[in-house]
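# Predicted model and sequence below, questions to follow.
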Amino acid sequence: MIAFNRIGKQYGRQVLFVDASFQLNPGEKVGLVGPNGSGKTTLFRMIVGEEAPDDGTVSVPKKLTVGYFRQDVEEMSGRSVIDEAIAGTRLGALHHELDDLQHALADPARAVELDRLLARFGEVQEEYEHLGGYALVSQAREVLHGLGFDDEQIDGDVGALSGGWKMRVAMARALLGKPDVLLMDEPTNHLDIESILWLEAFITSLPGALLMTSHDRDFMNRIVSRVAEIDDGEIRTYSGNYDFYERERALREANREAAHARQQAMLAKEQRFIDRFASHAAKAAQVQSRVKALDKIEKIKLPKQRRVVKFNFQPPPRSGDDVAILEGIDKRYGSRVIYDGLNLNVRRGERWAVMGRNGAGKTTLLRLIAGALEPDAGSVRIGASVKMGYFAQQALQILDPKLTVEEQMIKDFPQESIGVLRTLLGAFQFPGDETDKPIRALSGGERTRLVLARMLLHPPNFLVLDEPTNHLDLATKEMLIDALGDFEGTMIFVSHDRSFLRGLGSRVLELGGESGTDSQPLVYPGSYVDYVARSGHEAPGVHN
């Protein structure tokens, strides 16, 4: 279907691909992995013709339709959400042309064009019907609902949406196009867990091929049947899901390390012979023969080490037994009731995972606890000796864009040694020269890592975390889960990442229950794993 044949690509001194080959076959679902900057986005851009290889060829059949969901979404305005979602595809173009033609046919000023308009209306209608267009609007609503939109948003102005919601509209557009090949770059970044579970089911049912990147292990495991890894300029494939890829890659690396050790021992033995008899005339022929043989041997390279730095966080100071007490909380936005008499007691050492459908009030709850929002009625009391750390996407704004990564940490922690700061930054994927990056040039994921590093150097005893894993790669996510697993304080968090929920949630608060946002929250005293087993779903309203 799509074939990369011995491609080469570099930007200046940065070499991305060297003699690399890869094929995407009809209907298969493939996960694309590799370190940041390895060339994943470049591979996508080559498929859609936005980039060309320096060497080799990229073969994409002319009649093949390709849909591309990317992180940099274009400006959207002047249309309703549903109109924006169905735009950009052949079916969407026909839909809008039919709409325009109907208006033209009803316009008395265009009566002289009636024959031409009727003829064109017949042509467009025939193609639209042939492609299943009359189901398009209902399909668009189904997809938008699945991605978390309510009816009011769907019919509302797309220009009024935030950047994250516009990303969902762009995703809906890519899905509704039903392309032969769907390219998806980090599709779960801006989704809540309910939308991720819906997307898993939807993508699995698509007959077309899929090539995607994702930092969500569960998402990859449930969707892909093959993994393509960009590694040191090559593209290697593994038949299986992400867990299988990790096991096979570790086995391959272990075998390569063993082969490298054996070869090094052999080379050292040969070199000792050469050194010992280099000046012996009787052995000259043997020495020369062995020198030539050594020159011809292809040296085995050690695999690149990608081990994540482990950082041992300092134990936080001990708080009182009652960490946060919410009594009789009412909160509404206009006519929409979020809480009506909410009561919650967070006690020392508990780790609350807050679940709930989109709009159930998950972020609102964390903002109330953090003091970033006042309730309409009721009280929020923070307990004795509680030192709170609050992470939300707005926390990224506390960074100074004029500073580098290292300068920001020195400014925030002038008493700490450079060694301690660099070890911490290394744990959060800022090794070596990466600490010299200016903050204004950091990506969203890099800013998230830096803010979390700042928070956890001297950890508070109460962490309030709203989607802390957004934009984090798998390695950093797993390091964070591991580190917070040893955290001795109290936590309450919202996350769409099931690894994070499984690893850290010891109690579950489900907002909205089964009947909507006005019902009382449900408390599950066990872990997130217990919650899934007991409730039969991984998220409210999404049954397994």
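Received, thanks. Residues are numbered from 1 along each chain as shown.

# Can you pull out the low-pLDDT segments for this protein?
303-311, 513-519, 541-544 (pLDDT under 70).

# Show me which helix runs longest in it.
helix 242-277 (DSSP state H).

# tell me what that one is packed against?
Applying 3 or more CB pairs under 8 Å, 6 or more residues apart in numbering; DSSP states H and E, one finds that helix 242-277 makes contact with strand 29-33, helix 217-223, strand 226-231, strand 234-239, helix 284-296. Every C-beta, even on glycine, is put in place using the N, C-alpha and C of the backbone.

# Report the inter-axis angle for the longest one versus helix 242-277.
Looking back up the chat, that one is helix 284-296. Put simply, helix 284-296 runs at 160 degrees to helix 242-277, going by axes from the mean of the first three to the mean of the last three CA atoms, to 10 degrees.

# Just after helix 284-296, pick out the following helix or strand.
As assigned by DSSP states H and E, the chain's next helix or strand after helix 284-296 is strand 322-333.

# Parallel or antiparallel, which strands does that following strand pair with?
Using DSSP bridges, the strands paired with strand 322-333 are strand 336-347 (antiparallel), strand 377-382 (antiparallel).

# thinking again about what came up before, export the helices and strands packed on helix 242-277 as a markdown table, with columns for mean neighbour count and distance to Thr435.
Formatted as a markdown table, the helices and strands packed on helix 242-277 follow (neighbours: other CB atoms under 10 Å; distance: least, CB to CB, whole Å):
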| stretch | mean neighbour count | distance to Thr435 |
| --- | --- | --- |
| strand 29-33 | 23 | 25 |
| helix 217-223 | 20 | 28 |
| strand 226-231 | 20 | 25 |
| strand 234-239 | 16 | 29 |
| helix 284-296 | 11 | 41 |
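
# Which one of these lies nearest to Ile203?
helix 217-223 (5.7 Å; CB to CB).

# Report the distance from the closest one to the chain centre.
12 Å (CA atoms, centre = their mean, to the nearest Å).

# For Arg236, list the residues it contacts.
Contact analysis of Arg236 by CB atoms under 8 Å, 6 or more residues apart in numbering lists Ala228, Glu229.

# coming back round to it: now the helices and strands packed on helix 242-277 as JSON lines including distance to Gln153?
Compiled in JSON lines, the helices and strands packed on helix 242-277 are given as follows (distance: least, CB to CB, whole Å):
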{"stretch": "strand 29-33", "distance to Gln153": "29"}
{"stretch": "helix 217-223", "distance to Gln153": "24"}
{"stretch": "strand 226-231", "distance to Gln153": "35"}
{"stretch": "strand 234-239", "distance to Gln153": "40"}
{"stretch": "helix 284-296", "distance to Gln153": "67"}
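
# Please identify the most buried of the strands paired with strand 322-333.
Neighbour counts (mean count of other CB atoms under 10 Å) averaged over each of the strands paired with strand 322-333 peak at strand 336-347, with a mean of 18.

# Out of the helices and strands packed on helix 242-277, which is closest to Tyr333?
Comparing the helices and strands packed on helix 242-277 by CB to CB, helix 217-223 comes nearest, at 30.7 Å.

# Gly320: which of the helices and strands packed on helix 242-277 is closest?
helix 217-223 (36.4 Å).

# packing partners for the closest one?
Counting contacts by 3+ CB pairs under 8 Å, 6+ apart, helix 217-223 packs against strand 29-33, helix 193-205, helix 242-277, helix 498-504.

# redo that, cut-off 6 Å
On a contact count with 3 or more CB pairs under 6 Å, 6 or more residues apart in numbering; DSSP states H and E, helix 217-223 meets helix 242-277.

# Distance from the helix it packs on to the middle of the chain?
The answer for helix 242-277 is 35 Å, by CA atoms, centre = their mean.

# Strand 226-231 and that one, what's the angle between them?
For helix 242-277 against strand 226-231, the angle by the same axes, to 10 degrees is 40 degrees.

# Report the buried residues of helix 242-277.
Tyr242, Phe244, Tyr245, Glu246, Glu248, Arg249, Ile274 (16 or more other CB atoms under 10 Å).

# quick check, nearest of those to Val532?
Distances from Val532 to these, taken by CB to CB, are shortest for Tyr242, at 19.7 Å.

# ok, the closest one - contacts?
Arg217, Met220, Asn221 (CB atoms under 6 Å, 6 or more residues apart in numbering).

# ok, the residues you listed vs Lys29, which is closest?
For those, the nearest to Lys29 is Met220 (9.6 Å; CB to CB).

# picking up where we left off before, the strands paired with strand 322-333: which one's closest to Val532?
Per CB to CB, nearest to Val532 of the strands paired with strand 322-333: strand 336-347, 21.4 Å.

# next SSE after the closest one?
That would be, after strand 336-347 and using DSSP H and E, strand 351-356.

# I'd like to check what contacts that following strand. Which residues are they?
Outside of strand 351-356, the residues that reach it under the criterion CB under 6 Å, 6+ apart are 362, 491-492, 494, 501, 504-512, 528, 540.

# If anything else comes up later, I'll come back, but that's it for now.
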